[in-house]
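Colleague: Using only what follows, build the 3D model:
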Amino acid sequence: MTHTMEQTSESSARRSGNPPVWIAVGRASGGAIIFSLPMMMTMEMWWIGFYIEPFRLIALILLSIPLYIGISSMIGFREDKGLWDNVIDVLVAYAVAFCASAAVLLVFRVITSETALDEAFSMVLLQAVPGSLGALLGRSQLSNGQDEQHGQDEKYAEELIILVTGSLFLAFNVAPTEEMVLISYLMTPWHSLALVLFTVLVMHMFTVGSENFAKSGQGPWAAHRRLFVRFTAIGYVLAFLVSVFMLWVFGRSDNDSMQNFISTAVVLSFPAGVGAAASRLII
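Modeller: Residues are numbered from 1 along each chain as shown. A predicted model of the protein is given here:
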């Protein structure tokens with residue numbers, strides 16, 4: 001009888017397009033580990049977990065949760081979801097990422113019985129921020145007919161959410177490292193300007209690659225101008241703001257001059273901008 005009920009449940013899950021819960025959790029766990037593994041094996045991230053101020057960590061989570069809710073409205077654990085379903089999905093993703101991160105850090109012996117509870121909690125919660133995005137994407141289901149169901153304004157808002165999320169994720173990978181500060185010290189103002197232009201160029205290449213010109217109904221130059229303004233330029237501004245925020249979260253803005261801080265933000269905006277532009281091809 002029990003076996004029959006399990007078969008019926010799995011058959012219903014297949015008919016609804018949703019796999020069994022244990023498969024969804026497994027995929028989410030795998031996605032969480034893949035997305036956060038480079039940071040879990042980075043020494044700077046371990047140390048930041050020890051000394052990060054709680055209000056900065058809270059600010060990072062408060063930024064990520066609305067973004068992930070927006071992402072969950074496009075992809076996630078289930079189809080045909082409402083707002084509260086998306087909130088639950090994000091919370092589940094955070095829980096899965098938290099458990100996966102804790103397990104890996106324990107295996108690596110980064111967290112031991114001698115680690116203070118608050119330090120271990122901060123370290124794992126910090127890793128759970130990128131891991132939760134991986135959990136969402138690991139169990140992603142693209143909604144069918146999204147372009148037809150959503151208006152242009154709503155679709156553009158979703159595109160901006162994707163840009164910020166991609167920027168946040170890639171900036172998260174490198175913002176804690178000392179190399180960001182070192183590179184900014186090696187560069188002159190002219191190098192910084194050249195890096196801004198190069199970043200914009202690379203971003204626009206990704207933007208053009210993610211667009212279907214045949215469906216746009218515009219000539220090549222008109223389409224390029226539209227894409228540059230709506231995605232490349234706006235995307236770079238968003239990437240720069242995310243970079244400034246991430247440098248503040250990780251304490252890179254402390255005891256530094258405004259010129260050095262802006263230079264470091266320009267350096268970090270390169271991977272952040274690439275992450276923003278490439279995310280439209282991935283998500």
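Colleague: How are the helices of the stretch 101-250 of the chain distributed by residue range?
Modeller: Under the criterion DSSP state H, counting those that start in this stretch, helices of the stretch 101-250 of the chain are mapped to 117-138, 146-149, 152-174, 179-186, 189-209, 213-216, 220-227, 234-249.
Colleague: I'd like the ones you listed as TSV, with mean neighbour count appended.
Modeller: For every residue, glycine as well, the C-beta is placed using N, CA and C. Listed next are these as TSV, based on neighbours: other C-beta atoms under 10 Å:
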stretch	mean neighbour count
helix 117-138	23
helix 146-149	10
helix 152-174	20
helix 179-186	16
helix 189-209	16
helix 213-216	10
helix 220-227	13
helix 234-249	22
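Colleague: For those, give me CSV that also has mean pLDDT.
Modeller: Output for the helices of the stretch 101-250 of the chain, formatted as CSV (pLDDT from 0 to 100):
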stretch, mean pLDDT
helix 117-138, 89
helix 146-149, 47
helix 152-174, 87
helix 179-186, 91
helix 189-209, 93
helix 213-216, 52
helix 220-227, 78
helix 234-249, 95
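Colleague: For burial, what's the neighbour tally of Thr177?
Modeller: Residues lying near Thr177 (other C-beta atoms under 10 Å) number 17.
Colleague: Now it. Nearest residue, chain neighbours left out?
Modeller: Glu44 (5.4 Å; C-beta to C-beta, 6 or more residues apart in numbering).
Colleague: Name all residues that make contact with the most centrally placed residue in the chain.
Modeller: Per C-alpha atoms, centre = their mean, the C-alpha nearest to the average position across the chain is that of Phe169, at 3.4 Å. Counting by C-beta atoms under 8 Å, 6 or more residues apart in numbering, Phe169 touches Phe35, Pro130, Leu133, Gly275, Ser279.
Colleague: how near is the last one to Leu133?
Modeller: Ser279 sits 10 Å away from Leu133, going by C-beta to C-beta, to the nearest Å.
Colleague: which neighbours do those two share?
Modeller: Residues touching both Ser279 and Leu133 (C-beta under 8 Å, 6+ apart) are Thr165, Phe169.
Colleague: tell me how far the ends of stretch 207-225 are from each other?
Modeller: 11 Å (C-alpha to C-alpha, to the nearest Å).
Colleague: Could you look up the SS state of Val96?
Modeller: Assigned by DSSP: H, G, I helix; E, B strand; the rest coil, the conformation of Val96 is helix.
Colleague: from memory it sits against Leu136, does it?
Modeller: No. Counting by C-beta atoms under 8 Å, Leu136 is not a contact partner of Val96; they are 9.5 Å apart.
Colleague: overlap in contacts of these two?
Modeller: In contact with both Val96 and Leu136: Ala28, using C-beta under 8 Å, 6+ apart.
Colleague: hang on, the earlier thing: how about the helices of the stretch 101-250 of the chain in CSV, adding distance to Pro66?
Modeller: Formatted as CSV, those follow (distance: least, C-beta to C-beta, whole Å):
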stretch, distance to Pro66
helix 117-138, 13
helix 146-149, 19
helix 152-174, 9
helix 179-186, 26
helix 189-209, 23
helix 213-216, 30
helix 220-227, 26
helix 234-249, 14
